[in-house]
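K.L.:
predicted model, plus sequence, below.
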Number of protein chains: 2
Amino acid sequence: MWTELPKRASIYEVSLRDGLQNEQRPIPTSAKVELADALFRTGLQRIELTSFVSPKWVPQLSDAEELARSVVVPEGIITSALVPNALGFERARSVGLREIAVFMSASETHNRKNTHKSIERSLETFREIVPPAIDSGMRVRAYVSTVWGCPYEGAVDPHAALDITRELLRLGCYQISLGDTIGVGTPLQTRQICELFLREVEAERLALHLHDTRGQALVNALVGLTLGITTFDASVGGLGGCPYAPGAAGNLATEDLVYMLEGMGVSTGVDLEALVQAGKTAERIVGRPLPGKMHQAGLFRPRLSPTG
Amino acid sequence: MWTELPKRASIYEVSLRDGLQNEQRPIPTSAKVELADALFRTGLQRIELTSFVSPKWVPQLSDAEELARSVVVPEGIITSALVPNALGFERARSVGLREIAVFMSASETHNRKNTHKSIERSLETFREIVPPAIDSGMRVRAYVSTVWGCPYEGAVDPHAALDITRELLRLGCYQISLGDTIGVGTPLQTRQICELFLREVEAERLALHLHDTRGQALVNALVGLTLGITTFDASVGGLGGCPYAPGAAGNLATEDLVYMLEGMGVSTGVDLEALVQAGKTAERIVGRPLPGKMHQAGLFRPRLSPTG
């Protein structure tokens, strides 16, 4: 199964961005600040706040500047935001963010539908904005989506994602988050993808961004962990599913991931109890139950003492 | 991660019993027959129908005889039912069941609360009913609950479960299903428990019965699989959670498990499409969304052909 596990793992929290972006009901900025505050109390150190894409495409995140200016980020926590282009970069810089994330897909059709650009044009855009962002003192992360499969094209050759990854690393991105955007992967495919990437990319340069659409997110994370990958994107409560399908799966739930990692002796620096509270906050602000399990069950406390 | 995976795995479907037993709203026998029929069409070969415990304790399953007599079980499928004692054994025999399952806990307090007997008294009961059941041509399976932890006592020494397992195998039970009854286990603990048992028990004599209370059921199943265990208890839709908490976790969802196994090349004999339909039937008869993911997402079908 595994001979040695990493001692530590890092969670990149995406609930405020990937989690909320599909919510149809408007979420007031004050509620987002409340969720951010709850997350700031958990020990999570990397939190994606919002996205500087056009408000036309993602109306839910049209308060990006206001949110970024409203949160009071405690020392030691790095907040980040999605940036699609030079305009987005300027917007992120104007609110003082120290980290941005660029994004594209490994499949041409998804990239065009999602970013209105070809893959080549996305890379050109990033060639224009990533080096200046780094020169200005920012950290730049990158997402590569549809690595496990594309909703339009079906199977995706992982070498396409690897080519993109190489180029994004060359541009100076500090970490590439590989996305199972539609949650189709199983452990065998995850192993094959991770092994391919790890042949030439250091484990700490990679993250896994796993959606739980078919219930496979955590099991795929475990596979990555046993292969040495130590950064996982996750969303408290599993926020990020389709709001019209109660219980529908979104992102990997942060609390279920942390429960697994800590239970295996892999330190995350995250306080599970505070995370459970953040999960309840997330449920309250979206006004519906979320699919993550551990925040519903809570920490395990036997009803008798061990000697009772 | 793993060097070689088993070629085949077997699912023991528990939705009609473990899944339904906590439903508070009465489910008519005809609806249970409908779910059984949906399950019979999936390729699942081992299906637990009901329980012959006292209707006083589990009113939802008080129609045990009627259900067992109403279903028309296709050739090749084995149906089973829980049996707590000699009376239950007679009831199961009276309806012509070819398999029964006895059950007890690895922790004294849970065993007393759940069966109103001490562990020693449970074993005595099974010494009285298991050999005659086998002599009469029945197959007997056994559940050992609370192996990963007890809701009353907390930590449970896995050697206690191993002692019980040895005795139940000695009595002639063909398989022992080890239960993470309260869903507290993580992969490390699962590995330790499986490795302990596999030192002296053949893998095919063991099954894992994993609850998804903290989102760990599938990841624990994967650990068992990589160690050679090939039988997993599961419940379509993840039926079995608390009916008052929408989205609350129940048993490991059969469709999520089958999706993982088939995706890894481990043959289950189960048709995923039919399983998705059975999940929808389960949701309809309990009148609420169920936590299993894959039956909500459905099979993956790209919106363009690979050449499109």
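P.N.:
Received, thanks.
K.L.:
could you find the closest non-adjacent residue to A:Gly279?
P.N.:
A:His295 (2.9 Å; CB to CB, 6 or more residues apart in numbering or on different chains). No exception for glycine: its C-beta is placed from N, CA and C like everyone else's.
K.L.:
just confirm the one you found is within a helix.
P.N.:
Yes. A:His295: assigned to a helix according to DSSP: H, G, I helix; E, B strand; the rest coil.
K.L.:
hmm, it is touching A:Leu257, no?
P.N.:
No. Between A:His295 and A:Leu257 there is no contact under CB atoms under 8 Å: 11.7 Å.
K.L.:
same drill for these two, tell me which one is more crowded.
P.N.:
Higher neighbour count among A:His295 and A:Leu257: A:Leu257, with 31 against 27, using other CB atoms under 10 Å in any protein chain shown.
K.L.:
touching, A:Thr190 and A:Asn220? I think so.
P.N.:
Yes. If you go by CB under 8 Å, A:Thr190 and A:Asn220 touch, sitting 4.3 Å apart.
K.L.:
might you list the low-confidence residue ranges for the stretch 151-300 of chain A?
P.N.:
Within the stretch 151-300 of chain A, the stretches with pLDDT under 70 are A:242-248.
K.L.:
name the residues of the stretch 101-250 of chain A found near chain B, please.
P.N.:
By the rule CB under 8 Å from any CB of the partner chain, the part of the stretch 101-250 of chain A lying against chain B is A:109, A:149-155, A:182-189, A:191, A:212-216, A:218-219, A:222-223, A:226-227, A:245-249.
K.L.:
could you redo the last one with a cut-off of 6 Å?
P.N.:
Applying CB under 6 Å from any CB of the partner chain, one finds that the stretch 101-250 of chain A approaches chain B through A:151-154, A:184, A:186-188, A:191, A:213-215, A:218-219, A:222, A:226, A:246-249.
K.L.:
mind checking how far the residue positioned nearest the centre of chain A is from chain B?
P.N.:
The centroid of chain A falls nearest to A:Asp233 when counting by CA atoms, centre = their mean (3.5 Å). Using CB to the nearest CB, to the nearest Å, we find A:Asp233 at a distance of 16 Å from chain B.
K.L.:
just confirm that residue is within a strand.
P.N.:
Yes. Applying three-state DSSP, one finds A:Asp233 inside a strand.
K.L.:
and it, what does it touch?
P.N.:
If a contact means CB atoms under 6 Å, 6 or more residues apart in numbering or on different chains, then A:Asp233 has A:Tyr12, A:Val14, A:Ser177, A:Ala207, A:His209 as its contacts.
K.L.:
beta-bridge partners for it, please?
P.N.:
For A:Asp233, the beta-bridge partners are A:Tyr12, A:His209 (DSSP bridges).
K.L.:
and it, how far is that from A:Pro28?
P.N.:
Using CB to CB, to the nearest Å, A:Asp233 is found at 25 Å from A:Pro28.
K.L.:
you'd agree A:Ser235 is up against A:Glu13?
P.N.:
No. In terms of CB atoms under 6 Å, A:Ser235 does not count as a neighbour of A:Glu13; the distance is 7.0 Å.
K.L.:
so for these two, which sits in the more crowded spot?
P.N.:
Between A:Ser235 and A:Glu13, A:Ser235 has the larger neighbour count (other CB under 10 Å), namely 34 against 29.
K.L.:
now the closest residue to the more buried one other than its chain neighbours. Its backbone dihedrals?
P.N.:
Of all residues not flanking A:Ser235 in the chain, A:Asn251 sits nearest, at 3.5 Å (CB to CB, 6+ apart). Main-chain torsions, A:Asn251, degrees, to the nearest 10: phi -70, psi 160.
K.L.:
show me what contacts A:Asn251?
P.N.:
Here A:Asn251 is in contact with A:Asp18, A:His211, A:Ser235, A:Gly240 (CB under 6 Å, 6+ apart).
K.L.:
now list the buried members of these.
P.N.:
Buried members of the contacts of A:Asn251, counted by 16 or more other CB atoms under 10 Å in any protein chain shown: A:Asp18, A:His211, A:Ser235, A:Gly240.
K.L.:
okay but the residue nearest to A:Gly279 is in contact with A:Val276, surely?
P.N.:
Yes. Using CB under 6 Å, A:His295 is in contact with A:Val276, at 4.7 Å.
K.L.:
A:Met260 in helix, strand or coil?
P.N.:
In three-state terms, and counting by three-state DSSP, A:Met260 is helix.
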